[in-house]
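**Q** Next one to model:
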Amino acid sequence: MAGVFGFCGSPSLLIAILLFTGTVVPSLSNVPNADPLWGYFSAVAGQDGQIDTRELQRALTASGIAGSYQSFSKATCKVLILMLDHDRSGMMGFNEFKELWNVLNQWKASFLTTDRDRSGTLEPHELHHALLNFGYNLSPNALGAIIRRFAVNGRISLDDYILCSIRLRTVTDHFKMRDTSRNGHANFQYDDFIQVVMSV
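**A** Below you'll find the predicted structure:
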């Protein structure tokens, strides 16, 4: 489907070409022709209209969303799929891809805004401000744990910042579901705790 990625003709002509070549095509009512993200997604999606970790990595690389930064790693792409994998299939559909696109752009904008010295990485104090902007008011010990986990030579890249953000969001969401009284305390069974931690 590499040729489809750069196709500039009408949607009906594209469908005709795909049918002629024997490519499986979703029904016309399901093809979001007007959405610019569809090209990135459909260029790598399988016949089932889903993408896996490697395909997501290729789609994001082709889209240029990382800009001049290093492309997203396979580990980050795997966690991105897990974050939105509500049916636990290990795959991502187009609607999830669009949701992911919006979230990634928010994280990237936060990264760019917080990287005040334009070094292309976040220093610990910049990371602290970025997390505060997303509502994470963490203790120095918690922030230190994040820096030790994600920083290389004391600096955090865009890829690692997004990986960190995914994990914080996922763990925080699970915590809030169990913090029913909203007092900052939650009870976890051991097995439940393992599932939450190992899912990210």
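**Q** Which parts of the helix or strand hosting H125 count as buried, going by neighbours?
**A** H125 is part of helix 124-133 when elements are defined by DSSP states H and E. In terms of neighbour count (16 or more other Cβ atoms under 10 Å), helix 124-133 has its buried residues at E126, L127, H128, A130, L131. C-beta: built from backbone N, CA, C; applies to glycine.
**Q** surely the second one meets R148?
**A** Yep, that's L127 we're talking about. No. The pair L127 / R148 is not scored as a contact, 11.9 Å apart, by Cβ atoms under 8 Å.
**Q** thinking again about what came up before, tell me which two in the buried residues of helix 124-133 are the farthest apart.
**A** Using Cβ to Cβ, these span at most 9.9 Å, a distance reached by E126 and L131.
**Q** what's next to stretch 142-152, contact-wise?
**A** P124, L127, H128, L131, L138, G154, I156, D160, Y161, L163, C164, L168 (Cβ atoms under 8 Å, 6 or more residues apart in numbering).
**Q** and if we set it to 10 Å?
**A** Contact with stretch 142-152 is made by 121-125, 127-128, 131, 136, 138-139, 154-157, 159-161, 163-165, 167-168, as judged by Cβ atoms under 10 Å, 6 or more residues apart in numbering.
**Q** For this structure, which residues score under the pLDDT cut-off?
**A** Applying pLDDT under 70 to the chain flags residues 1-34, 68.
**Q** could the buried residues of helix 124-133 go into CSV alongside distance to D173?
**A** Shown next, in CSV, are those (distance: Cβ to Cβ, whole Å):
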residue, distance to D173
E126, 24
L127, 20
H128, 21
A130, 19
L131, 15
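**Q** OK, contacts around the residue sitting nearest the centre point of the chain?
**A** Compute the mean C-alpha point of the chain, and by Cα atoms, centre = their mean the closest residue is L80, 3.9 Å away. The neighbours of L80, taking Cβ under 10 Å, 6+ apart as the test, are 53, 56-57, 60, 72, 92, 96-97, 100, 103-104, 162-163, 166.
**Q** if you set the cut-off to 6 Å instead, what comes out?
**A** By Cβ atoms under 6 Å, 6 or more residues apart in numbering, L80 lies in contact with L100.
**Q** tell me the SS of it?
**A** helix (DSSP: H, G, I helix; E, B strand; the rest coil).
**Q** Which of the contacts of stretch 142-152 are buried? Put it as a PyMOL command.
**A** Buried residues among the contacts of stretch 142-152 (16+ other Cβ under 10 Å), as a PyMOL selection:
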select buried, resi 121+122+123+127+128+131+136+155+156+157+159+160+161+163+164+165+167+168
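**Q** quick one: G144 and P124, what's the gap?
**A** Distance, G144 to P124, by Cβ to Cβ, to the nearest Å: 8 Å.
**Q** picking up where we left off before, continuing past the helix holding H125, what's the next helix or strand?
**A** For helix 124-133, the following helix or strand on the C-terminal side (DSSP H and E) is helix 140-150.
**Q** which of the residues in that next one are buried?
**A** Using 16+ other Cβ under 10 Å as the burial criterion, the residues of helix 140-150 that qualify are L143, I146, I147, F150.
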